[in-house]
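Engineer: quick one: sequence plus predicted model below, questions after.
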Amino acid sequence: MIRASLQLAVLLLFGLVSSSFAYGPLGHEIVGAIADRKLAGTPTAGKIKTLLDGISLERASLIADDIKSWDKNGPDDRRGIHFLGHPEIEQQLQDFWKANPPSPEASDTTPSHHWMHYTDVPVLDAEKYGDGKTGRDNWDVVHAIRYCIGVLRGEISANNPRKITRTIAVILLAHCVGDIHQPLHVGAEYFNEAGEPIDPDRGATGLGDEGGNSLSLVQNATAERTRHYYHSFHAYWDLDTVRNLTIGTPDELPKEEREGVYAPAKEKLIANFVANEPKNWRTPGDPKTWAEQWANEILPIAREAHTRVRFEHVHRAEKDGRVFAKGEAHETGTGYLDWSTVVVGDELHKAGWRLADLLQKIL
């Protein structure tokens, strides 16, 4: 994702960062930038500026992913991303990371910070978040958003065991509101040992596709495009659809072309999203109920994302103590790219307006 060079120089020192982060943040930046502009000039914007030490929501929306660079060698590793111009925030982020370690032994009482980005509700049947238990936990994206709201409202002490201060709560909301509007951050497919889709809330326990992370996506050839193979079904939704929405192609550009192409295309898209109110974006009721409402709203889309493909070569796999379903998702017919791009445009648009509305209401 595009990150202006001046912004980088002021905000953080980059070390060696995994290439998986290369342009992935584009969708989050769009959501954060919409909220920045919707809130500009309001008392809420002033409160956010104080809490974030001048960091914009556009930039803050990336931080929950940035700290994953600490997972292998810890937050003291110079090669990870750091926020040297904001030492108090750096310390709060380190405290948060240590209180929510990425360890596979993490439990509901000591969760991984990774869990706060997603929930894996089964999509085989038309199911809502509250209808079952599989794929949900006390620290998934629905619960994380709710917890952050509690901290910002003063209902939960900022000196809590999870080390989610008011600043960290804003940083997490800036990211997680985007995540919950990505279909494969909310819904997942589960399979039996024969590789057939099942609903583990209505029968035998199945093997999950980890939100599409363990499936590859194969799209059929069209008159305009050759047959495409994507290593990760999940990453296709995170990256390729957003690129297609922004610059008109799901393919990454040569490095030397990126700055000149992404920056104006991104600015045009954000300006359009700010100027035009999205359909059906308002969420009724107490903001603490909003995350579950958003999950319920996105689940039918997550289901369609899976029903528009057929699964092949699905089998049991194990890695780092996890057991999951690995295989391929093949497009049935054509049109998946066009459909998914429209979905992502609608969801990013709503997410930006909803982030602004949420912060305005709870701050």
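Structural biologist: Great, that's in hand. Numbering: from 1, shown residues only.

Engineer: which residue ranges of the stretch 251-363 of the chain form helices?
Structural biologist: Using DSSP state H, counting those that start in this stretch, the helices of the stretch 251-363 of the chain run over residues 255-275, 290-307, 336-362.

Engineer: can you pull up the most central residue in the chain?
Structural biologist: Asp179 (2.7 Å; Cα atoms, centre = their mean).

Engineer: that one against Trp115, yeah?
Structural biologist: No: under the criterion of Cβ atoms under 8 Å, Asp179 makes no contact with Trp115, lying 11.4 Å away. For glycine as for every other residue, the C-beta is placed from the backbone atoms N, C-alpha and C.

Engineer: which SS class is the nearest residue to Ala351 once chain neighbours are set aside?
Structural biologist: The shortest distance from Ala351 to any residue other than its chain neighbours is 4.1 Å, reached at His181 (Cβ to Cβ, 6 or more residues apart in numbering). For His181, the secondary structure call by DSSP: H, G, I helix; E, B strand; the rest coil comes out as coil.

Engineer: does His181 touch Glu347 like I think?
Structural biologist: Yes: counting by Cβ under 8 Å, His181 touches Glu347, with 4.1 Å between them.

Engineer: mind listing the shared neighbours of those two?
Structural biologist: Shared contacts of His181 and Glu347 (Cβ atoms under 8 Å, 6 or more residues apart in numbering): Ile298.

Engineer: which of these two has more neighbours?
Structural biologist: Neighbour tally, His181 and Glu347, criterion other Cβ atoms under 10 Å: the higher count belongs to His181, 27 against 24.

Engineer: quick one: contacts for the residue nearest to the centre of the chain?
Structural biologist: 117-118, 141, 185.

Engineer: next one: it from Pro197, what distance?
Structural biologist: Separation of Asp179 from Pro197 (Cβ to Cβ, to the nearest Å) stands at 24 Å.

Engineer: one more: Thr246?
Structural biologist: Thr246 is 32 Å from Pro197, by Cβ to Cβ.

Engineer: please identify which of those two sits among more neighbours.
Structural biologist: Applying other Cβ under 10 Å to Thr246 and Pro197 shows that Thr246 carries more neighbours, namely 25 against 18.

Engineer: nearest residue to that one other than its sequence neighbours?
Structural biologist: Counting by Cβ to Cβ, 6+ apart, the nearest residue to Thr246 once its immediate chain neighbours are dropped is Ala265, at 5.0 Å.

Engineer: any idea how many residues pack against Gly54?
Structural biologist: For Gly54, using other Cβ under 10 Å, the count is 12.

Engineer: make sure it is indeed in a strand.
Structural biologist: No: per three-state DSSP, Gly54 lies outside any strand segment and is coil.

Engineer: ramachandran coordinates for it?
Structural biologist: With angles defined as degrees, to the nearest 10, Gly54 sits at phi 90, psi -10.

Engineer: what does the model give the residue nearest to the centre of the chain for pLDDT?
Structural biologist: pLDDT, Asp179: 97.

Engineer: okay, now the unreliable bits of the stretch 151-300 of the chain?
Structural biologist: Judged against pLDDT under 70, the stretch 151-300 of the chain has no low-scoring part.

Engineer: which residues of it fall in strands?
Structural biologist: Assigned by DSSP state E, counting those that start in this stretch, the strands in the stretch 151-300 of the chain fall at 187-188, 190-191, 197-198, 207-208, 215-219, 228-230.

Engineer: from Glu88, how far off is the residue lying farthest from the centre of the chain?
Structural biologist: Within the chain, the residue lying farthest from the chain centre (Cα atoms, centre = their mean) is Ala223, at 32.1 Å. Counting by Cβ to Cβ, the gap from Ala223 to Glu88 is 55 Å.
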